[in-house]
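1. I need the structure of the sequence given here:
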Amino acid sequence: MDSERQPKLNPVRAFQVLHGNLMDPDDSYTSLSDCHDYEPSLEFDDSELIQAGALAPLPPELIDLPDVISKRSASDGTIEENFEEELAPPEVYAEIAVKSLDYDHFAELNGTGLIEVVGDDEIGRRIIIVSACRLPPSKDLHPDILLSYLMFTLDKYVEQDYSVVYFHCGLSSRNKPPLSWLWKAYKAFDRKYKKNLKALYLVHPTNFIRIVWQMLRPAISVKFGRKMMYVNYLHELQPYLDVDKLYIPEPVLEYNKLLLEKNPRAAEAARLQQDQMNQSKEKAAPKEVVMPPPTQQFGVSLQFIKEHNPNMIDSIPPVVRQCVEFLSQPEALGTEGIFRRSANISVIKELQRACNRGEPISFRNDPHIAAVLLKTFLRDLEEPLMTFDLYEEIVKFQSWTNRDKPRQVKILILERLPLDNYKLLKYIIQFLWEVQDMSCLNKMTSSNLAVVFGPNLSWPPNGMMSLQAIAPINAFTDYILEHQESIFII
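-> The predicted model follows:
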């Protein structure tokens with residue numbers, strides 16, 4: 001970097017840095033808490049980084065970090081999103097990223113609960129939970145296996161918007177990966193992983209997290225940095241995510257309780273928030289069972305829509321037909337990233353309310369609004385389009401032989417799927433065939449569309465889909481898209 005661009009070092013800031021005070025205003029981090037007067041003393045092992053209130057000498061694990069970090073530390077602390085071009089990713093991690101893997105490669109991690117997909121937020125973005133307390137001991141887990149498992153899981157979601165919640169509680173010297181691994185992992189997660197990541201919530205951060213962030217900050221892009229938020233207490237997540245629907249390990253809940261007991265101000269804030277939520281639920285709770293209005297289309301069954309729309313053509317709900325007809329226009333079909341981008345949540349909810357009231361809706365000439373509304377309709381059905389009865393069969397899809405797949409798929413769709421469900425599935429799949437036919441422009445191949453629509457077509461009765469079930473559901477959807485001409489009766 002040109003020396004003329006180096007900012008002058010403020011004497012006060014130099015004094016703060018030398019004495020370990022890295023949290024000055026110039027280096028402020030994003031946080032959701034208003035109670036920063038309390039720095040919890042956590043059980044995590046920070047001894048390698050903290051020493052008498054000042055930074056410890058550089059630990060051996062960081063010796064192999066590129067010189068670019070130290071060279072850029074006096075810069076503006078940022079480089080652009082394409083910084084990977086300057087910092088070539090390690091070949092070993094690039095190789096891991098392109099390997100064809102399946103769940104059999106991760107026997108030691110399957111079932112640990114290290115990574116959980118807990119569904120969608122209010123606008124359909126996947127929420128992925130990573131729990132440090134579920135990490136096996138480092139001596140039993142090679143760091144490369146951990147990285148490949150993370151990439152293997154995220155690969156199913158990076159084609160659309162997603163958020164990650166990381167529970168730091170439980171990370172210790174027993175299961176903590178080497179510090180050099182953090183840098184290598186950041187480089188291995190290239191732009192395709194970072195682009196659609198909308199938020200990274202670091203829950204219960206410690207000095208370990210904060211200091212490592214400061215050390216790596218000069219080589220981390222501004223855009224990525226803005227997506228990261230510190231969450232000191234669980235109730236701070238509530239304005240952004242429905243905490244009640246998150247899969248939170250018991251050790252995290254217990255630790256959060258301990259922190260609140262040590263900080264009366266935070267405990268009072270959590271109590272007030274809970275009281276407000278309870279009051280809102282009481283006001284929203286119906287005094288008696290109320291039937292939805294006959295015009296409602298979201299959150300009801302296909303049968304309900306059909307009964308109250310006698311003029312409905314070919315069992316296709318009006319809102320679905322509106323979305324598909326709008327999206328079938330050439331300029332909409334050619335929209336890059338269609339079905340992968342989120343839309344303004346207030347706009348989507350207002351369109352839902354208008355639709356349920358039987359009022360005309362407008363997509364504001366925005367294909368992403370129509371795309372999100374179509375996905376929302378499928379996700380809000382009382383029963384998935386592929387029905388609960390077929391779920392167990394669909395998750396066995398990848399165990400079927402190539403010879404059996406054509407017959408088995410036709411049995412499920414042509415014989416066991418209710419007629420109204422069949423007609424709607426056929427209508428949507430044939431439309432998606434037109435979308436993937438324009439993939440040269442919109443970048444939506446059949447596999448990309450399967451990742452987006454698979455979980456919106458099939459899910460278990462309890463609503464909690466395991467990671468192991470997502471791959472066969474997506475593969476099943478991809479197969480239908482690729483073979484729709486031979487599956488559906490014209």
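2. So which residues of the protein form strands?
-> Shown for the chain, the strands assigned by DSSP state E span residues 50-51, 54-55, 115-120, 126-131, 162-167, 197-203, 228-231.
3. In TSV: those strands, plus distance to Ser447 and mean pLDDT.
-> Using the backbone N, CA and C atoms, a C-beta is placed for each residue, glycine as well. Converted to TSV, the strands of the chain look like this (distance: least, C-beta to C-beta, whole Å; pLDDT from 0 to 100):
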stretch	distance to Ser447	mean pLDDT
strand 50-51	46	38
strand 54-55	46	37
strand 115-120	18	78
strand 126-131	16	89
strand 162-167	17	92
strand 197-203	20	90
strand 228-231	29	90
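4. shaky segments in this protein?
-> For the chain, residues meeting the criterion pLDDT under 70 lie at 1-105, 119, 122-124, 281-289, 490.
5. Can you tell me the centre-most residue of it?
-> Closest residue to the average C-alpha location of the chain: Tyr162 at 2.8 Å, with C-alpha atoms, centre = their mean.
6. Hmm, that residue is touching Ile128, no?
-> Yes. Using C-beta atoms under 8 Å, Tyr162 is in contact with Ile128, at 6.1 Å.
7. anything in contact with each of these two?
-> By C-beta atoms under 8 Å, 6 or more residues apart in numbering, Tyr162 and Ile128 have these common neighbours: Leu154.
8. Could you list which residues are in contact with Cys323?
-> Phe363, Ala370, Ala371, Leu373, Leu374, Phe377.
9. between those, which is nearest Leu154?
-> Nearest to Leu154 among these: Ala371, at 21.9 Å, using C-beta to C-beta.
10. separation between the closest one and Ser362?
-> 15 Å (C-beta to C-beta, to the nearest Å).
11. got it, and Ala132?
-> Distance, Ala132 to Ser362, using C-beta to C-beta: 46 Å.
12. So for these two, which sits in the more crowded spot?
-> The residue with more neighbours, out of Ala132 and Ser362, is Ala132; 21 against 11, by other C-beta atoms under 10 Å.
13. check contacts around the nearest residue to the more buried one once chain neighbours are set aside.
-> Leaving aside its sequence neighbours, Ala132 sits nearest to Leu171 (C-beta to C-beta, 6 or more residues apart in numbering; 3.9 Å). Taking C-beta under 8 Å, 6+ apart, we find Leu171 in contact with Phe44, Ala132, Cys133, Leu135, Phe208.
14. How about Leu302?
-> Counted by C-beta under 8 Å, 6+ apart, Leu302 has contacts Ser315, Pro317, Leu381, Asp420, Asn421, Leu424.
15. Break the chain into its domains for me.
-> Domain assignment for the chain by automatic domain parsing gives 3-264, 302-487.
16. ok now the shortest one, how far from the chain's centre?
-> Between the mean C-alpha point of domain 302-487 and the mean C-alpha point of its chain there is a distance of 20 Å (C-alpha atoms, centre = their mean, to the nearest Å).
17. Quote the end-to-end distance of that domain.
-> End-to-end distance for domain 302-487: 22 Å, by C-alpha to C-alpha, to the nearest Å.
18. about what we covered before: nearest to Ala343 among the contacts of Leu171?
-> Distances from Ala343 to these, taken by C-beta to C-beta, are shortest for Ala132, at 33.0 Å.
19. from memory the closest one sits against Val165, does it?
-> No. Ala132 is beyond contact range of Val165, at 11.6 Å (criterion: C-beta under 8 Å).
20. what's the burial count for Gln352?
-> Other residues within reach of Gln352, judged by other C-beta under 10 Å, total 20.
21. residues in contact with the residue nearest to Ser458 when sequence neighbours are not counted?
-> Leaving out its chain neighbours, the residue that sits closest to Ser458 by C-beta to C-beta, 6+ apart is Met386, at 4.1 Å. Contact partners of Met386, counting by C-beta under 8 Å, 6+ apart, are Ile394, Leu412, Leu417, Asn421, Leu425, Leu457, Ser458.
22. Over to Arg321?
-> Contact analysis of Arg321 by C-beta under 8 Å, 6+ apart lists Ile313.
23. And for His168?
-> Phe44, Ala132, Leu202, Val203, His204, Pro205, Thr206, Ile209.
24. show me the residues around the fourth one that make contact.
-> I take that to be Val203. Val165, Tyr166, Phe167, His168, Cys169, Val231, Leu234, Leu237, Val252 are the contacts of Val203 under C-beta under 8 Å, 6+ apart.
25. switch the cut-off to 7 Å
-> Val165, Tyr166, Phe167, His168, Val231, Leu234 (C-beta atoms under 7 Å, 6 or more residues apart in numbering).
26. what do you get for the fifth one?
-> The contact partners of His204, by C-beta under 7 Å, 6+ apart, come to Phe167, His168, Cys169, Tyr255.
27. What's the separation between the residue lying closest to Glu393 once chain neighbours are set aside and Ala269?
-> Sequence neighbours aside, Leu412 is the residue nearest to Glu393 in space, at 6.0 Å (criterion: C-beta to C-beta, 6+ apart). If you measure Leu412 against Ala269 using C-beta to C-beta, the figure is 50 Å.
28. same check, this time on Ala471
-> In terms of C-beta to C-beta, Ala471 sits 41 Å off from Ala269.
29. Same question for Phe488.
-> Taking C-beta to C-beta, one finds Phe488 at 55 Å from Ala269.
30. Over to Asp380?
-> On the measure of C-beta to C-beta, Asp380 and Ala269 end up 33 Å apart.
31. So these two - more neighbours on which side?
-> Ala269 (18 against 13).
32. Who are the contact partners of Pro143?
-> Pro177, Pro178, Trp181.
33. And stretch 411-425, what's buried?
-> Leu412, Ile413, Leu417, Asp420, Asn421, Tyr422, Lys423, Leu424, Leu425 (16 or more other C-beta atoms under 10 Å).
34. should've said stretch 455-465
-> For stretch 455-465, by 16+ other C-beta under 10 Å, it's Pro455, Asn456, Leu457, Ser458, Trp459, Met465.
35. Distance to Val243 added to those residues, as a markdown table?
-> As requested, the buried residues of stretch 455-465 are exported to a markdown table (distance: C-beta to C-beta, whole Å):
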| residue | distance to Val243 |
| --- | --- |
| Pro455 | 21 |
| Asn456 | 23 |
| Leu457 | 28 |
| Ser458 | 26 |
| Trp459 | 21 |
| Met465 | 19 |
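36. Restricted to helices, list those.
-> Pro455, Asn456, Leu457 (DSSP state H).
37. which residues sit against stretch 108-119?
-> Taking C-beta under 7 Å, 6+ apart as the rule, stretch 108-119 contacts 103, 126-131, 134-136, 140-141, 149, 153, 245-247, 249, 465, 467, 470.
38. Need the residues that contact stretch 330-347.
-> Contacts of stretch 330-347 (C-beta under 7 Å, 6+ apart): 122-125, 159-161, 326-327, 367-369, 371-372, 375, 434-435, 438, 441-444, 449, 452.
39. one more time with 8 Å
-> Against stretch 330-347 from outside (C-beta under 8 Å, 6+ apart): 122-125, 159-161, 196, 198, 326-327, 364, 366-373, 375, 434-435, 438, 441-444, 448-449, 452-453.
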